[in-house]
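A.B. asks: Mind folding the following:
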Amino acid sequence: MNETIVCVVGNVATQPVYRELAAGPSVRFRLAVTARYWDREKSTWTDGHTNFFTVWANRQLAVNVKASVEVGQPVVVQGRLKVRTEVRDGQQQWASADIDAVAIGHDLARGTAAFQRAAKPETQLTTTRPEPNWETPRPPEANTEQEQPQPTQEPALVT
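C.D. replies: Sure thing, here's the model as predicted:
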């Protein structure tokens, strides 16, 4: 409910690593985001600090990232930001910024792409089960004489 949603534009820094897990496909890669600013003294654009994020994608997004994303490509990533800090055995404290991606796409401000709709994944058929009988059972007839249908009379034709 109270999640930090971010939209980050950067370059793919590592080859995406794809895995088939029990919960479904998953992929991760590192994203480098470098701030650029105009240096008035030099009259040029200058690179600032580079932030690195680990991007995680699951299910169909993971399959599509595996087929579409390569090292060095500019991408736009939208997802939930998770920052973790940890101290390892006798070492310095370190922080990690992860993005649980909801959407990933190529940055079209820096290149072109040809979109191709992914085929829907085939559902694996499990053992077939018989269709359930959804009909409502009739109540047992207590007195058959009273419940017999009465013959209907047709109206007589008058000519």
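A.B. asks: so where does the residue nearest to Asp39 when sequence neighbours are not counted fall, helix or strand?
C.D. replies: Distances taken as CB to CB, 6 or more residues apart in numbering place Thr46 nearest to Asp39, at 4.4 Å, with adjacent residues excluded. C-beta here means a position set from N, CA and C on the backbone, and glycine is covered the same way. Using DSSP states H and E, Thr46 sits in strand 44-58.
A.B. asks: quick one: strands adjacent to that strand?
C.D. replies: Note on strand 44-58: by DSSP bridges, its sheet partners are strand 24-39 (antiparallel), strand 93-106 (parallel).
A.B. asks: Using JSON lines, please lay out these together with mean neighbour count.
C.D. replies: JSON lines is the format used below for the strands paired with strand 44-58 (neighbours: other CB atoms under 10 Å):
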{"stretch": "strand 24-39", "mean neighbour count": "15"}
{"stretch": "strand 93-106", "mean neighbour count": "15"}
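A.B. asks: Let me have those strands in TSV, adding distance to Tyr18 and mean pLDDT as columns.
C.D. replies: Listed next are those as TSV, based on distance: least, CB to CB, whole Å; pLDDT from 0 to 100:
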stretch	distance to Tyr18	mean pLDDT
strand 24-39	5	93
strand 93-106	14	92
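A.B. asks: Any chance of these in CSV with distance to Arg80 as columns?
C.D. replies: Listed next are these as CSV, based on distance: least, CB to CB, whole Å:
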stretch, distance to Arg80
strand 24-39, 14
strand 93-106, 4
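A.B. asks: Tell me which of these lies nearest to Ala13.
C.D. replies: Nearest to Ala13 among the strands paired with strand 44-58 is strand 24-39 (4.2 Å), distances taken as CB to CB.
A.B. asks: so how far is that closest one from its chain's centroid?
C.D. replies: Put simply, strand 24-39 sits 19 Å off its chain's centre (CA atoms, centre = their mean, to the nearest Å).
A.B. asks: Not counting its own residues, what contacts it?
C.D. replies: 8-19, 44-63, 65-66, 69, 75, 77, 99 (CB atoms under 8 Å, 6 or more residues apart in numbering).
A.B. asks: Is there a quick ChimeraX command that grabs whichever of those residues are buried?
C.D. replies: Here is the ChimeraX command that selects the buried residues among these (16 or more other CB atoms under 10 Å):
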select :8,10,11,12,13,16,18,53,54,55,56,57,58,61,62,63,65,69,75,77,99
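A.B. asks: quick one: Ala101 and Pro74, what's the gap?
C.D. replies: Distance of Ala101 to Pro74, given as CB to CB, to the nearest Å: 15 Å.
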